[in-house]
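> Structure, please.
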Amino acid sequence: MDQQIRKHCDEDSQTHVHEFLGSTRLAELEEEPHNHRFAGVSFEVIPIGNNKHVHEIKTNTDFYEDHFHEICVRTEHNIPVGDGRHVHFVPGTTTEVDDHYHYFIFATLIENPIG
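Model (predicted):
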């Protein structure tokens with residue numbers, strides 16, 4: 001196994017991740033109105049200073065008819081929600097497929113929910 005991958009997978013060096021789920025906004029309002037659903041787990045912490053951090057998210061939406069979209073975005077910084085826990089807002093757009101894309105905005109779930 002590659003040394004860098006092994007280090008990344010080392011339990012002692014791991015930070016935290018967030019689960020997420022959501023739905024895109026409608027697209028193709030005149031032709032074929034539809035949206036997509038998505039869910040997954042973020043990548044680990046990317047520090048941005050001042051006790052703030054972000055996460056990268058990469059996932060696919062579900063299929064509608066003959067297509068799906070990719071979501072590849074970086075969250076906004078951590079937002080405290082009490083008891084030392086936090087969430088992240090995630091606004092963005094999907095990739096363009098079949099001559100359209102979708103907007104989305106969601107919040108990640110709280111990290112380590114049973115902590």
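> for the protein, what spans make up the helices?
3-9 (DSSP state H).
> Output the below-cut-off pLDDT ranges for it.
By pLDDT under 70, the low-scoring segments of the chain are 1-12, 115.
> if we go to 90?
Filtered on pLDDT under 90, the chain yields the residue ranges 1-14, 49, 83-84, 111-115.
> need the strands for it, in chain order.
Listed in chain order, the strands of the chain (DSSP state E) span 19-23, 37-41, 46-49, 52-54, 56-60, 70-74, 79-82, 85-87, 89-93, 103-107.
> And the ones you listed: which comes nearest Ile114?
strand 85-87 (11.1 Å; CB to CB). All C-beta spots, glycine's among them, are computed from the backbone N, C-alpha and C.
> Report all helices and strands that the closest one contacts.
Helices and strands touching strand 85-87, as assessed by 3 or more CB pairs under 8 Å, 6 or more residues apart in numbering; DSSP states H and E, comprise strand 79-82.
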